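Colleague: Sequence and computational prediction follow.
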Amino acid sequence: MVALRRLRAWSGLTYRQLSRRAADAGRTLPHNTLAAALGRDGLPREELLSAFAFACGLDDKQVTTWITARRRLAMALAEPAQAERGGTERTAGRDTPAAPNHLPRRVNDFTGREAEVVRLVRTADTGVVLIDAIDGMAGVGKTALAVHVAHELTATYPDGQLYVNLHAHTPGRAALEPADALGALLRMAGLPADAIPAGTEEAAALWRATLAERRMLIVLDDAADAGQVRPLLPGVGGARVFVTSRRRLTGLEDTTVISLDMLPATAARTLLTQIVGRARATAEPEALAEVAELCGRLPLALRIAGSRLRHRPAWSLAHLADRLRDQHQRLRELRAGDRSVEAAFALSYQQVPAAQQRMFRLLGLLPGDDIDTAGAAALAAQPLEEAAELLEALLDAHLVEQPTVGRFSLHDLLRAHARAMSAGHDPESERARALDRLHEHYHRTATGAVDVLLAPAADRPPTSGTVPTLFSEERAATWLRSERGNLIAHAVHAVDHDRPGHTLELSRLLFQYLHLYGYHRDSLLLHVHALRAARDLGEEQAETDVHITLAGIHYDLGDYASGIRYADDALTLARRRGDLASQDRALTLRSNCLSEDHPRQALDGLHEALAISRTTGDSARLAVHLHNIGVSFRDGGLLDQALLHFEEAMAVVPRTDDQNMRAYVLHNLADTYFLYGQLDLALTCQREALALVRRIVNRNLEMCVDHSLSKIYLRRGDLPRALTHAERALALSVETGERTMRIVTLVNHGVVRQRSGRYAEAYPQHLQALHLARATGYRLGQGIALNALGELCLRAGAPAQAITYHRHAGISLPVNLFEQARALTGIARALQATGRPRAARRHLHQAERVLRR
């Protein structure tokens with residue numbers, strides 16, 4: 001075996017490459033079989049050795065030499081073994097009974113499961129009884145794995161290989177009784193029928209005695225439970241037992257457990273390729289991958305889908321994928337001859353009690369991906385303890401999965417089966433009541449979690465029922481993080497199924513949480529459906545509110561055109577009703593979206609909103625407008641005016657007790673100090689803002705503050721701190737999906753690296769930021785990235801390229817005076833570096849004039 005391993009190393013090929021080489025030559029050499037063979041000390045089969053040596057690049061003569069050497073070694077190893085067993089095997093010149101081999105044929109296209117194969121093979125030949133329980137859902141490939149490895153181990157267990165189907169899930173048959181299974185095993189082991197006792201205990205004792213002196217491998221396939229298997233197990237000796245079951249056999253002692261999951265994506269595509277043929281697979285790689293995913297990467301489903309395609313030459317993989325996309329028809333498509341995914345699932349379902357069946361059916365109704373025990377209890381209207389027991393029982397039966405502790409989910413195909421079973425068994429009214437109960441649970445628990453985490457919003461409507469009060473902040477955050485996707489899926493489902501009120505309730509409840517934690521994409525999905533719900537209900541105020549919310553979400557995502565559109569719609573609705581408060585909010589968001597390309601229009605809108613807030617006497621809105629006008633003046637280069645408005649906003653904030661607004665004002669006041677060059681004041685304000693946003697939780701603002709702190713430390717020459725805050729800001733921009741800040745933080749992170757002399761790392765970051773800015777139409781971001789590229793080129797000794805980048809930056813920046821001046825200054829420095837001082841001075845004067853506007 002050492003020589004074979006050296007031969008593979010000499011070839012320089014991976015197991016998969018060797019397998020492909022063999023296949024191209026018309027030979028069979030599964031890569032996982034080869035890996036297992038080279039991983040143990042026993043001799044490989046002759047045909048495997050031949051295919052392996054050929055794939056390594058040996059010619060026919062060299063391959064023959066290896067085969068001859070193997071035969072000589074096999075004969076040498078056989079002689080002492082025959083002497084030990086008293087010559088019970090076939091020897092030259094005389095016939096004796098061969099060791100029994102009752103294993104079924106193994107599948108030629110066995111794919112994946114490399115880790116499981118290696119694990120089962122490496123633990124062989126220990127001289128003691130070994131029992132391996134292989135469990136998993138219907139169709140996951142338990143039998144294929146057991147039979148495949150059993151064939152690999154025939155040389156390790158030379159006294160025979162037995163197989164018995166225990167028929168726990170065979171249509172039209174009862175599970176095999178232990179006594180009947182023992183009779184079959186003893187007959188296969190060579191005992192005459194009249195020597196086998198009728199009683200289970202006596203037969204089990206004889207079976208154990210028969211195995212005590214034999215090294216045999218036994219496959220017990222499709223076991224119902226531990227009680228069926230226990231009498232069939234050896235007592236002492238060197239036997240090996242593989243047990244397959246759809247249930248977790250928790251009652252078996254001294255057992256190694258292997259629970260099979262779905263195939264990895266690569267293995268699923270490989271299996272499908274082997275079935276449909278490489279030509280069809282390579283012609284449609286994307287459709288192949290989609291079919292594999294639509295089959296849930298379940299081996300049985302993949303085999304059926306592949307078989308259907310193989311027998312329908314007119315079909316393409318894309319056509320098959322199209323047929324499988326319909327969730328309501330998918331299981332019907334996964335039938336071929338007498339094989340059916342649905343039938344396999346039905347047998348598993350029929351084996352569990354009625355209470356478990358009901359829970360399984362109701363879980364199929366879930367709009368979300370998973371559920372915890374409390375949610376399942378609400379769904380099924382059962383006490384928490386009973387729901388937990390049912391879920392654990394379904395888990396043991398492999399009808400549900402447990403992706404993390406305390407959470408349960410259904411495989412996509414099992415979900416489709418559960419939904420179909422519910423549609424055929426549960427009245428529509430019961431299904432609707434189950435989802436209504438789940439909504440009440442979600443709404444009640446989310447209210448408790450949001451209240452603890454964020455403090456109640458003033459305009460949140462009163463809730464019905466008892467709100468949980470046992471949430472700590474950590475538990476509240478964990479629950480909302482775990483359930484966020486499910487809550488949104490439930491809200492989307494509700495408006496599609498005549499429950500628009502549920503959708504609106506959840507949108508109002510979750511908006512602040514989603515906004516402050518930066519889940520903007522989730523919030524967008526939720527509120528697009530909330531807008532439909534408001535229209536379905538004919539609630540114009542709700543429709544106005546959702547338009548305003550959507551304007552804010554699009555602003556956070558950097559999609560200003562969409563933000564303006566939603567704000568305009570909200571403004572139209574609010575003016576028609578004379579709703580000043582809604583006009584105020586719509587004008588504010590509209591101005592925010594206009595501020596980059598149309599700053600004067602934005603400022604006009606902010607002044608209009610400011611006048612409304614003074615009329616209504618709303619101090620909270622007054623602080624918002626003073627702050628926003630300050631930002632507008634600052635971005636326009638009017639720093640004195642900006643400072644006055646920020647200071648007035650700071651005076652108003654204490655009347656509102658709005659710590660979030662205080663943090664915003666501190667942050668933008670600090671940015672103004674930074675532009676003045678007052679770094680100590682800027683640092684003090686940003687540090688206070690950072691402490692505040694971390695306490696109240698506002699990840700959007702935390703990202704902005706970290707970005708500003710990085711720039712301050714960079715200006716002060718403190719590169720380690722600058723890098724720390726730049727990395728935090730960049731990470732938060734990725735988490736929140738905030739596109740404009742993603743661009744800005746990418747550039748700043750690159751600038752910090754650039755100042756550290758790490759030009760090769762900075763350059764791709766600036767380019768990535770530029771591509772993102774162009775893709776999103778963010779003109780200021782384009783200018784910032786181009787200026788950074790210009791400065792990098794100058795530092796790297798490429799002044800001509802620097803001039804090009806800075807000139808393009810100036811074109812991208814019609815309104816931002818600071819970046820315009822930065823572009824002109826960059827051109828001046830590059831001109832100076834090329835020996836053109838007069839032109840350099842001219843550009844510096846232009847930069848000064850821009851800043852004096």
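Modeller: Everything's here; your move.
Colleague: which intervals of the stretch 701-850 of the chain have sub-threshold pLDDT?
Modeller: 812-815 (pLDDT under 70).
Colleague: List of residues touching stretch 248-267?
Modeller: Under the criterion C-beta atoms under 8 Å, 6 or more residues apart in numbering, residues 111-113, 116, 119-120, 123, 130-136, 140-142, 145, 223, 225-227, 229-230, 233, 243, 268, 271, 289, 292-293, 296-299, 302, 395-396, 398, 411 lie in contact with stretch 248-267. (Glycine included, C-beta is placed from N, CA and C.)
Colleague: Residue 780: which element?
Modeller: Assessed by DSSP states H and E, residue 780 sits inside helix 779-795.
Colleague: Just checking the distance from that helix to the centre of its chain.
Modeller: 35 Å (C-alpha atoms, centre = their mean, to the nearest Å).
Colleague: With just CA atoms, put it into PDB.
Modeller: What follows is helix 779-795, C-alpha atoms only, in PDB (Å, rounded to 0.1, in the frame of the first residue of the first chain):
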ATOM      1  CA  ARG A 779     -21.600  60.700  -8.500                       C
ATOM      2  CA  LEU A 780     -20.000  62.000  -5.200                       C
ATOM      3  CA  GLY A 781     -18.700  58.500  -4.600                       C
ATOM      4  CA  GLN A 782     -17.200  58.400  -8.100                       C
ATOM      5  CA  GLY A 783     -15.400  61.700  -7.400                       C
ATOM      6  CA  ILE A 784     -14.100  60.500  -4.000                       C
ATOM      7  CA  ALA A 785     -12.700  57.300  -5.500                       C
ATOM      8  CA  LEU A 786     -11.100  59.000  -8.500                       C
ATOM      9  CA  ASN A 787      -9.400  61.600  -6.200                       C
ATOM     10  CA  ALA A 788      -8.100  58.700  -4.000                       C
ATOM     11  CA  LEU A 789      -6.800  57.000  -7.100                       C
ATOM     12  CA  GLY A 790      -5.100  60.200  -8.300                       C
ATOM     13  CA  GLU A 791      -3.400  60.700  -4.900                       C
ATOM     14  CA  LEU A 792      -2.300  57.000  -4.900                       C
ATOM     15  CA  CYS A 793      -0.800  57.300  -8.400                       C
ATOM     16  CA  LEU A 794       1.200  60.500  -7.400                       C
ATOM     17  CA  ARG A 795       2.600  58.700  -4.300                       C
END
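Colleague: which other helices and strands contact that helix?
Modeller: helix 739-755, helix 759-776, helix 799-812, helix 817-833 (3 or more C-beta pairs under 8 Å, 6 or more residues apart in numbering; DSSP states H and E).
Colleague: and of those helices, who's closest to residue 636?
Modeller: helix 817-833 (6.8 Å; C-beta to C-beta).
Colleague: outside of that closest one, which residues touch it?
Modeller: Helix 817-833 has contacts (C-beta under 8 Å, 6+ apart) with 636-637, 675, 780, 783-784, 786-787, 790-791, 793-794, 799-800, 802-803, 805-807, 809-810, 813, 837, 839-844, 846-848, 850-851, 853.
Colleague: how about a cut-off of 7 Å?
Modeller: Contacts to helix 817-833, defined as C-beta atoms under 7 Å, 6 or more residues apart in numbering, come from residues 636-637, 780, 783-784, 787, 790-791, 794, 799, 802-803, 806-807, 809-810, 813, 839-840, 843-844, 846-847, 850-851, 853.
Colleague: Buried ones among the residues you listed?
Modeller: Among the contacts of helix 817-833, the ones that count as buried by 16 or more other C-beta atoms under 10 Å are 636-637, 780, 783-784, 787, 790-791, 794, 799, 802-803, 806-807, 809-810, 813, 839-840, 843-844, 846-847, 850.
Colleague: Test my guess that residue 739 contacts residue 557.
Modeller: Yes. Counting by C-beta atoms under 7 Å, residue 739 does reach residue 557; the two are 5.9 Å apart.
Colleague: Now do the helix holding residue 780 and helix 759-776, the angle between them.
Modeller: Using axes from the mean of the first three to the mean of the last three C-alpha atoms, to 10 degrees, the inter-axis angle of helix 779-795 relative to helix 759-776 is 160 degrees.
Colleague: And the contacts of helix 779-795?
Modeller: Outside helix 779-795, the residues that reach it (C-beta under 7 Å, 6+ apart) are 596-597, 740, 743-744, 747, 750-751, 754, 759, 762-763, 766, 769-770, 773-774, 801-802, 805-806, 808-809, 812-813, 816, 819, 822-823, 826, 829-830, 833.
Colleague: quick one, it and helix 739-755 angle?
Modeller: Going by the same axes, to 10 degrees, helix 779-795 makes 10 degrees with helix 739-755.
Colleague: before we move on, the earlier item: what about burial for the contacts of helix 779-795, which qualify?
Modeller: Buried by 16+ other C-beta under 10 Å: 596, 740, 743-744, 747, 750-751, 754, 762-763, 766, 769-770, 773, 801-802, 805-806, 808-809, 812-813, 816, 819, 822-823, 826, 829-830, 833, out of these.
Colleague: Isn't residue 303 up against residue 274?
Modeller: No. Taking contacts as C-beta under 7 Å, residue 303 lies outside contact range of residue 274: 9.9 Å.
Colleague: Appreciated, that's everything.
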